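Undergrad: sequence? don't have it. structure:
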Ligand code: DGL
């Protein structure tokens, strides 16, 4: 059942999608938001497509019963790549906005050497990435980073540790890249590290502003400006608090 002023549901496997929630709350503060982190299924990066789709449907169904959201933002590139079409089919009474790696803006900006950082599942299943791969004007490198989302999740406040791990991952690409696409919402938190590793002329793209814009266009305005953050693994609540504090006070 859709109610007037009903909240917008934003979902991810952990802290990644909070960066989209933050963008939404800044641009559209009057709406109400429910954020759900599916830590029981995290990380999504290497799980089977069938499992991720099942989780998405079950979680949305459960949250729908309780909160009756007007729409859902899949604030996760992996879950979008694997499951957005099935979610749209099952929940056809709601708007569904997905998150995709912002590779098109990089191509349109004429970037020649584009490095896409994403989870294995996003690289395998993302439609936008397979379309972009056919573009002959750019040289696109897809770097799949199996454990990076979990590393960020568990060490979000330890930039020194993350920096040393990330430097090793991207060392071969540092001097061969003029644009980096953050194809996972968890990677938003390492933007300051990437900025410090690449030279200042390397642009870093993410899809958050686009997702917020699309959501705002589809949403019915109004609410009390409430934000509720929930998870199925309370012990991970501290990660969510820490990430929100970074978004509010330090910026990414
Ligand atoms: N934040 C996610 C994404 O954008 C999920 C990462 C994961 O759970 O592996 O892909």
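TA: Cool, the structure landed. Nothing here was measured: the structure is a model prediction, and the numbers come from that model.
Undergrad: list the contacts for the nearest residue to residue 120 once chain neighbours are set aside?
TA: Nearest in space to residue 120, with sequence neighbours left out and distances taken as Cβ to Cβ, 6 or more residues apart in numbering, is residue 144 at 4.5 Å. C-betas here are computed from N, CA, C, even on glycine. For residue 144, the contacting residues are 118, 119, 120, 122, 123, by Cβ atoms under 8 Å, 6 or more residues apart in numbering.
Undergrad: partner residues bridging residue 144?
TA: With DSSP bridges applied, residue 144 shows beta-bridge pairing to residue 118.
Undergrad: Distance-wise, check it relative to the ligand.
TA: As judged by Cβ to the nearest ligand atom, to the nearest Å, residue 144 and the ligand stand 11 Å apart.
Undergrad: likewise residue 28?
TA: 21 Å.
Undergrad: Show the model's pLDDT score for that residue.
TA: Looking at residue 28, its pLDDT stands at 95.
Undergrad: And the contacts of residue 144, which of them are buried?
TA: 118, 119, 122, 123 (16 or more other Cβ atoms under 10 Å).
Undergrad: out of the contacts of residue 144, which touch the ligand?
TA: Restricting the contacts of residue 144 to those adjacent to the ligand (criterion: Cβ under 6 Å from any ligand atom) gives 119, 122.
Undergrad: got the contacts of residue 144 as a markdown table, with pLDDT columns?
TA: Shown next, in a markdown table, are those (pLDDT from 0 to 100):
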| residue | pLDDT |
| --- | --- |
| 118 | 97 |
| 119 | 97 |
| 120 | 96 |
| 122 | 98 |
| 123 | 97 |
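Undergrad: and residue 205, how many residues sit next to it?
TA: Using other Cβ atoms under 10 Å, residue 205 has 22 neighbouring residues.
Undergrad: That one and residue 103 touch, don't they?
TA: Yes: counting by Cβ atoms under 8 Å, residue 103 is a contact partner of residue 205 at 7.4 Å.
Undergrad: what do these two both touch?
TA: With Cβ under 8 Å, 6+ apart as the test, residue 205 and residue 103 both reach residue 181.
Undergrad: Could you list the low-pLDDT ranges of the stretch 51-200 of the chain?
TA: The stretch 51-200 of the chain contains no residues with pLDDT under 70.
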